[in-house]
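S.K.: Below are the sequence and a predicted model for it; my questions follow.
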Amino acid sequence: MRSVGIILLAAGGSVRMGRPKQLLPFRDTTLLRHAATTALATGFSPVVIVLGAEVDACRAALKDLPVTFAGNDAWEEGMGSSLRVGMDALEKTAPTVEAVLVMLHDQPFISVASLRQLVELWQPPDVLISAAFYGGKAGVPAVFDCGLFPELKALHGAEGAKKILLRHALNASSLELPEALDDIDSPEDYKRLADVPDGTTS
């Protein structure tokens, strides 16, 4: 097994949803727990889950899972702050990890097989980033080589990893993952996707 850690981002306040989407029922569990068990099923470790809004309820929902929690008190600043917090926790927990797989908790149709494929595409020194490709662009989930960890830790506020993907485009590979388009941000998204059968998307 390659030495890859996972950061699962789940700190947001679900403004568009109007209630904590981390705890929304999804199939026989919640969105957050579904994402956490998918991450664990890849076999990569540690799995670091970055929490912010509704932190106590989210921790309680995952208390029996072998994951590492990282609290982002500045979660309202955006994804960059959560990535930075997640990277700090990952490096403390597993200082020799060779890469990180970054996931979101609201892309419920991303499969274990797809996540493993992304890791297989990461082939340093030629391929330092392997990213999902959907909607005409690359995005998360994505794998970042340890050589890029300082850049991930330097992100601020609402900055995601997009600029790192662009900066290292010549050393990046992508995997077509149209299912990543099915993210749950609004009540309409949730109504449309919550009852989609396992293994399919709308």
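M.R.: Arrived safely.
S.K.: What's the biggest strand in this protein, counting residues?
M.R.: strand 137-145 (DSSP state E).
S.K.: Which strands or helices does that one pack on?
M.R.: Under the contact definition 3 or more CB pairs under 8 Å, 6 or more residues apart in numbering; DSSP states H and E, strand 137-145 sits against strand 99-104, helix 112-121, strand 129-134, helix 162-167. For glycine as for every other residue, the C-beta is placed from the backbone atoms N, C-alpha and C.
S.K.: In TSV, list the ones you listed along with mean pLDDT, distance to Met79 and mean neighbour count.
M.R.: Supplementary listing: the helices and strands packed on strand 137-145 in TSV, determined by pLDDT from 0 to 100; distance: least, CB to CB, whole Å; neighbours: other CB atoms under 10 Å:
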stretch	mean pLDDT	distance to Met79	mean neighbour count
strand 99-104	97	9	24
helix 112-121	98	19	17
strand 129-134	97	15	23
helix 162-167	92	10	16
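S.K.: Compare these and give me the one nearest Arg192.
M.R.: With distances scored as CB to CB, the stretch of these nearest to Arg192 is strand 129-134 (16.7 Å).
S.K.: Off-centre distance for that closest one?
M.R.: Taking CA atoms, centre = their mean, to the nearest Å, the mean C-alpha location of strand 129-134 is offset from the chain mean by 12 Å.
S.K.: Just want the angle from it to helix 112-121.
M.R.: Counting by axes from the mean of the first three to the mean of the last three CA atoms, to 10 degrees, strand 129-134 lies at 140 degrees to helix 112-121.
S.K.: Dump strand 129-134 to CSV, restricted to CA.
M.R.: The C-alpha coordinates for strand 129-134 follow below in CSV (Å, rounded to 0.1, in the frame of the first residue of the first chain):
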residue,chain,number,x,y,z
ILE,A,129,-0.9,15.7,-9.0
SER,A,130,-3.7,13.4,-10.1
ALA,A,131,-7.1,15.1,-10.1
ALA,A,132,-10.7,14.3,-11.0
PHE,A,133,-11.8,15.9,-14.2
TYR,A,134,-15.5,17.0,-14.5
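S.K.: Show me the contact partners of that strand.
M.R.: With CB atoms under 8 Å, 6 or more residues apart in numbering as the test, strand 129-134 has contacts from 110, 114, 118-119, 121-122, 138-145, 148, 164-165, 168, 171-181.
S.K.: What residues sit buried inside the longest helix along the chain?
M.R.: Secondary structure of the chain read by DSSP state H shows that its longest helix is helix 79-93. Buried residues in helix 79-93, counted by 16 or more other CB atoms under 10 Å: Met79, Gly80, Ser81, Ser82, Leu83, Arg84, Val85, Gly86, Met87, Ala89, Leu90, Glu91.
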